[in-house]
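1. Any chance you can model this:
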Amino acid sequence: MAWIALAYLVAGVFFILALRGLSSPATSRTGNRFGMIGMAVAVVTTLVTHMPTILHRPGFPNAPPSCLLSECMVAERLDVFSLGEILIAIAIGAIIGITIARRIAMTAMPELVAAFHSLVGLAAVLVGWAAYLNPGAFGLLTDTGIGAVSKVEMGLGIAIGAITFSGSVIAFAKLSGRMSGSPILLPARHVINLGTLAAIIVLTALFAMASGHEETMPLIIALTVLAFIIGFLLIIPIGGADMPVVVSMLNSYSGWAAAAMGFTLGNTAMIITGALVGSSGAILSYIMCRAMNRSFISVIAGGFGADDSAAGGEAREARPYKQGSADDAAFMLEQADKVIIIPGYGMAVAQAQHALREMTDILEEKGVEVKFAIHPVAGRMPGHMNVLLAEASVDYDKVFELEDINSEFAQADVAFIIGANDVVNPAAKTDKSSPIYGMPVFDVDKAKQVFFIKRSMGGVGYAGVDNDVFYMDQTMMLLSDAKKMVEEIVKALD
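-> As a prediction, the model looks like this:
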C-alpha cells in the first residue's frame, strides 16, 4: 500500500536528520530525538501491517489457487498470534534498555556499543535462518522453492551478521578488559583471512544455485560457521590505539547486515536504516583512518596497526623525570595566559570531567584562556571525550579537533594532559618501528610547560609504548588518580 511506503520514507528522513544532529555535540540531543521518532514510525508501521486480517485459505470462496494449506496457516500465525509476542518482546527490551542506560558508566560505553553491535549481528543471523527454515512465512517461496536472489540476500545477511557478532564479541572482551588488548597475531593470518572470505563467497554462490534442503542445508551451515570464525580472526589481531576504528567499523558491518535482512524481508525501513548506518559507519572509519594515517583496507583485512615485530613489546629503560604536586601545577596554571587541555581515557576512568570543568571555570575567572583539544581516537570509541565534556557542561566552543588547534601549542603556556598518552606521543612522528608511527598527534612538546597526569610511571598507553613526553625538560609529571589530582589543583587555586 502507498501509505506504508510513505511511512517508511518519513522514518528514513528522520534517521537522516538524526545523523545530521549527532554530528555535533550542540545538536546531539535533537538528533537522538529525531532517531527515536523515526524508529517509532518504522516499528508502528511494521506492526500495523501485520495486524490481524481475514486470510484467504483453502475452502474460502476467494482463496487463491496457489495458496497451500501449510503456507497460509503459517501466514495466519504470523499475522494474528505473533503480535502479542512482539509487544512482550518490545516491553522486555525497553525495560532492559532503560535499566542499562541508567546504570552504565561512561567508561563502559565503548564495550556497551560493541555489545549492541553483536546483538544486531546475531539478530541478522537468526532472521536469515528463520527465513531459510520457514520461507513461506516470509513470502520467499516460489514454484521452485526459494529464489536464487533471495538466497543471495539471505546468505549475505547471515555472513555479515555472523562476522559482526563474533567480531563485536572480541571487541567487547578487549575493551572491557576480559581479554588482553594486545594484538594476537596468527601465522599466515592474511592468507587464512582471505581464504576464509573466498570460501564464504563461493559457498554463497553454491547456496544460491542449489535446490532442496538436502543440498542447501550443508552449504548454509558451512557458510554460517566460517562467517563466525572470520569475525574472530579479523578482530583478534587488532590492538593498541586502534580500537576506536574497530568500533566504528563494526557499526558499519551491523548496518550492512540489517540492510541485507531488509532485502530478505522486503522491508524498506530496514534497507534504508541499514544503508544509513552502514555507509555512515564506513565513512567515519575512513575519516578516522585518515586522521591516524592508516589504510582503510588494512583495517578491513585485520591486523591493523600491528605487526610481528611490535607484538611482543620491549623492556623500558629507566629514565629521569620531574615530578610535581598539585600546588606546583596550580601556581603555574594561574600564571599562564593560555592553557590547552588534552583529555584521554584516563579522565574517563577517573570520572574527572566535572572536576576539570570546575578547574576551567576558576582559571577563566582569573583571566586565563582555556581550550580543550580532542584527538579523533581519544578514548575507546569515536566521540568518547566529546560526550564526557558535554556531560560536564563544558561549552562546545571551547572544544577543538586536532587539525583546528594543533598549531596553537606553540603559543600555549601550558599543555595540560589528563589521562591521554598515545595521542601526544612523539614516537608517532619519529620512530618508524613504533606501532603508532604515522598517526597525527598533538604537538605538546612545543608548549612552554607540560603537565602530565597519570597514575604511575609504570603504565603505558593502549598501544603499549613508552612516551618521550614524560622525560622532556618542560614536563612535570603529576602522578595520581586524575580526579583526585584535579580536585587538589582546584583547592590550591581557590
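2. which residues touch residue 333?
-> Neighbour list for residue 333: 339, 359, 363, 368, 414, 416, 451, 489, 493 [criterion: CB atoms under 8 Å, 6 or more residues apart in numbering]. Using the backbone N, CA and C atoms, a C-beta is placed for each residue, glycine as well.
3. In strands, which of the residues you listed fall?
-> Applying DSSP state E to the contacts of residue 333, the entries found in strands are 339, 414, 416, 451.
4. If you rank these by neighbours, which is first?
-> Counting neighbours by other CB atoms under 10 Å, residue 416 comes out on top of the ones in strands among the contacts of residue 333 with 30 neighbours.
5. Helices of the stretch 301-450 of the chain, start to end?
-> Per DSSP state H, counting those that start in this stretch, the stretch 301-450 of the chain carries helices over the ranges 308-311, 326-335, 345-350, 353-365, 384-391, 402-405, 427-430.
6. starting at the chain centroid, how far to the fourth one?
-> Relative to the chain's own centre, helix 353-365 is displaced by 30 Å; criterion: CA atoms, centre = their mean, to the nearest Å.
7. re the thing from before, adding distance to residue 148, write the ones in strands among the contacts of residue 333 out as TSV.
-> Converted to TSV, these look like this (distance: CB to CB, whole Å):
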residue	distance to residue 148
339	64
414	65
416	61
451	64
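8. would a markdown table of those with pLDDT and distance to residue 23 be doable?
-> Output for the ones in strands among the contacts of residue 333, formatted as a markdown table (pLDDT from 0 to 100; distance: CB to CB, whole Å):
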| residue | pLDDT | distance to residue 23 |
| --- | --- | --- |
| 339 | 96 | 28 |
| 414 | 95 | 31 |
| 416 | 96 | 27 |
| 451 | 95 | 32 |
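9. Just give me the closest of those residues to residue 173.
-> Distances from residue 173 to these, taken as CB to CB, are shortest for residue 416 (33.0 Å).
10. Show the contacting residues for the closest residue to the closest one other than its chain neighbours.
-> For residue 416, ignoring the flanking residues on the chain, the nearest one in space by CB to CB, 6 or more residues apart in numbering is residue 341 at 4.6 Å. Taking CB under 8 Å, 6+ apart as the contact definition, residue 341 lies against 356, 360, 370-373, 416-418.
11. tell me the strands in this structure, going along the chain?
-> For the chain, the strands defined by DSSP E cover 141-142, 145-146, 338-343, 369-374, 399-401, 414-418, 449-454, 475-479.
12. circling back to that earlier point, ok, now how distant is the residue nearest to residue 416 from residue 273?
-> To residue 273, residue 341 is 37 Å away according to CB to CB, to the nearest Å.
13. And for residue 471?
-> To residue 273, residue 471 is 50 Å away according to CB to CB.
14. who has more neighbours, the two?
-> When residue 471 and residue 273 are compared for neighbours, residue 273 comes out ahead with 23 against 14, by other CB under 10 Å.
15. coming back round to it: from the contacts of residue 341, which is closest to residue 434?
-> The closest of the contacts of residue 341 to residue 434 turns out to be residue 417 (CB to CB; 18.5 Å).
16. so that closest one touches residue 409, yeah?
-> No - in this structure, residue 417 is not within contact of residue 409 by CB atoms under 8 Å, at 11.3 Å.
17. Phi first, then psi, for residue 425.
-> Residue 425 adopts backbone torsions of phi -80, psi 120, taken as degrees, to the nearest 10.
18. which residue packs closest to it, ignoring adjacent ones?
-> Spatial nearest neighbour of residue 425, chain neighbours left out: residue 467 (4.7 Å); criterion: CB to CB, 6+ apart.
19. Tell me how many other residues surround the one you found.
-> Per other CB under 10 Å, the neighbour tally for residue 467 reads 21.
20. now do residue 11
-> Residue 11: 24 surrounding residues under other CB under 10 Å.
21. circling back to that earlier point, could you save the strands of the chain as a markdown table and add columns showing distance to residue 128?
-> Below are the strands of the chain laid out as a markdown table (distance: least, CB to CB, whole Å):
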| stretch | distance to residue 128 |
| --- | --- |
| strand 141-142 | 16 |
| strand 145-146 | 12 |
| strand 338-343 | 42 |
| strand 369-374 | 39 |
| strand 399-401 | 40 |
| strand 414-418 | 46 |
| strand 449-454 | 47 |
| strand 475-479 | 53 |
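22. winner for burial among those?
-> Most buried of the strands of the chain by mean neighbour count (mean count of other CB atoms under 10 Å) is strand 414-418; its value is a mean of 28.
23. For that one, which strands pair with it and how are they oriented?
-> Strand pairing for strand 414-418, determined by DSSP bridges: strand 338-343 (parallel), strand 449-454 (parallel).
24. tell me the angle the first one makes with helix 353-365.
-> When you say that, I think you mean strand 338-343. Using axes from the mean of the first three to the mean of the last three CA atoms, to 10 degrees, the direction of strand 338-343 lies 170 degrees away from that of helix 353-365.
25. tell me, what residue is most central in this protein?
-> residue 247 (3.0 Å; CA atoms, centre = their mean).
26. who's in contact with that residue?
-> Shown in contact with residue 247 (CB under 8 Å, 6+ apart): 110, 113-114, 117, 171, 175, 380-382.
27. try 7 Å this time
-> With contact set as CB atoms under 7 Å, 6 or more residues apart in numbering, residue 247 has these partners: 110, 113-114, 171, 381.
28. next one: residue 414
-> Residue 414 touches 332-333, 336, 339, 447, 449, 451, counting by CB under 7 Å, 6+ apart.
29. 10 Å - rerun?
-> Listed by CB atoms under 10 Å, 6 or more residues apart in numbering, the contact set of residue 414 reads 329, 332-333, 335-341, 363, 368, 370, 444, 447-451, 474, 476.
30. Show me which helix runs longest in the chain.
-> Longest helix in the chain by number of residues (criterion: DSSP state H): helix 148-175.
31. Tell me which residues of that one come out buried.
-> Going by neighbour count (16 or more other CB atoms under 10 Å), the buried part of helix 148-175 is 148, 150-175.
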